[in-house]
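Participant: pasting the sequence and the predicted coordinates here, then a few questions.
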Amino acid sequence: MASLLVALAMSCVPFSAYAADPLESFNRTMFAVNKGLLDWVINPTVDHIGPWVPAPVTAGLSNAYANLTEIEMVLDNALQGKAGGAAASAARFGINSTLGIGGLFDVATPLGLERREENFGTSLCKTGLAPGSYLVLPFVGSTNTVAAVALTAGIAAEVYALSFISTTLATVDFVVIDLGGSASALRHAKNIPAEGEDLYAVQRDEYRRYIETGCASTHPEMKADLSEPVAGDL
């Protein structure tokens, strides 16, 4: 509880501080941890096991993963006031979880229910919340203090709700979606050079652009903030 209150207090900052990096020392340590996970665990596992997995199995697992993330799409669409999108995501999850045999097959799309994917950062901005200070979490990567609190609460609520349906489903959701999705996000972080630059600063700036894209429509003042130097920028 204490850590939650601290994170909430840190998140109560003006919009002009959203790109700040007051936790740079901690963040750089977590960045190094994540890079070690990528270099020594995640990438070697995917590179060595991936080629041996048959294409139908890969497609089925991909569909199952996408189906579990429909739960998150329901929340994202709801936060943005898109009732139709939330309903479509809920319907997709219900259809693919049953007729699609646990999501292994995408039955909903041929029925006209297209995936309504939304940006989590944008969804939070729609609520009026300003992004908090930049934060790097182990096995998660770049985020901010507000999103970290919201994500933690969301994961807890999601697993709790699913446990009423099936403890197995709740466990699979946590392991595959929350932990597996984090590993996938780390592996596929874009525009991060392998060497020759301050990799931490590059990733931080990439995240700042991501936040600007998601929130500028609701908070135009943030676009101007992006041009301001960040404490600790090289």
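Facilitator: Thanks, I have it.

Participant: low-confidence ranges in the chain?
Facilitator: Applying pLDDT under 70 to the chain picks out residues 1-19, 162, 169-170, 172-196, 216-234.

Participant: show me the helices in the chain, by range?
Facilitator: 2-11, 24-37, 43-49, 55-79, 83-98, 120-126, 145-165, 167-172, 180-187, 199-215, 221-225 (DSSP state H).

Participant: now do the fourth one: distance to the chain's middle.
Facilitator: It refers to helix 55-79. 13 Å (CA atoms, centre = their mean, to the nearest Å).

Participant: start and end of stretch 105-125, how far apart?
Facilitator: One end of stretch 105-125 to the other measures 33 Å (CA to CA, to the nearest Å).

Participant: nearest to residue 112, of the helices of the chain?
Facilitator: Residue 112 sits nearest to helix 83-98 of all the helices of the chain, at 9.5 Å, using CB to CB. The C-beta positions use only the backbone N, C-alpha and C, and glycine is treated the same way.

Participant: who touches the closest one?
Facilitator: 63, 67, 70-71, 73-75, 77-78, 103, 105-109, 111, 113-116, 118 (CB atoms under 8 Å, 6 or more residues apart in numbering).

Participant: coming back round to it: would TSV of the helices of the chain with mean neighbour count be doable?
Facilitator: Formatted as TSV, the helices of the chain follow (neighbours: other CB atoms under 10 Å):
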stretch	mean neighbour count
helix 2-11	13
helix 24-37	16
helix 43-49	11
helix 55-79	18
helix 83-98	18
helix 120-126	21
helix 145-165	16
helix 167-172	14
helix 180-187	16
helix 199-215	19
helix 221-225	16
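
Participant: among these, which comes closest to residue 139?
Facilitator: helix 180-187 (5.1 Å).

Participant: related to what we said a few turns ago, Serialize the helices of the chain to JSON lines and add fields for distance to residue 132.
Facilitator: Below are the helices of the chain laid out as JSON lines (distance: least, CB to CB, whole Å):
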{"stretch": "helix 2-11", "distance to residue 132": "3"}
{"stretch": "helix 24-37", "distance to residue 132": "13"}
{"stretch": "helix 43-49", "distance to residue 132": "30"}
{"stretch": "helix 55-79", "distance to residue 132": "17"}
{"stretch": "helix 83-98", "distance to residue 132": "25"}
{"stretch": "helix 120-126", "distance to residue 132": "10"}
{"stretch": "helix 145-165", "distance to residue 132": "3"}
{"stretch": "helix 167-172", "distance to residue 132": "28"}
{"stretch": "helix 180-187", "distance to residue 132": "19"}
{"stretch": "helix 199-215", "distance to residue 132": "10"}
{"stretch": "helix 221-225", "distance to residue 132": "13"}
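
Participant: out of those, which gets nearest to residue 135?
Facilitator: helix 145-165 (5.4 Å).

Participant: distance check, residue 61 against residue 155.
Facilitator: 21 Å (CB to CB, to the nearest Å).

Participant: likewise for residue 106?
Facilitator: Residue 106 is 24 Å from residue 155, by CB to CB.

Participant: contacting residues for residue 99?
Facilitator: 105, 107.

Participant: phi, psi for it please.
Facilitator: Backbone torsions of residue 99, given as degrees, to the nearest 10, read phi -60, psi -30.

Participant: from residue 109, how far out is it?
Facilitator: For residue 99, the distance to residue 109 - CB to CB - is 12 Å.

Participant: what does residue 96 give?
Facilitator: Taken as CB to CB, the span from residue 96 to residue 109 is 9 Å.
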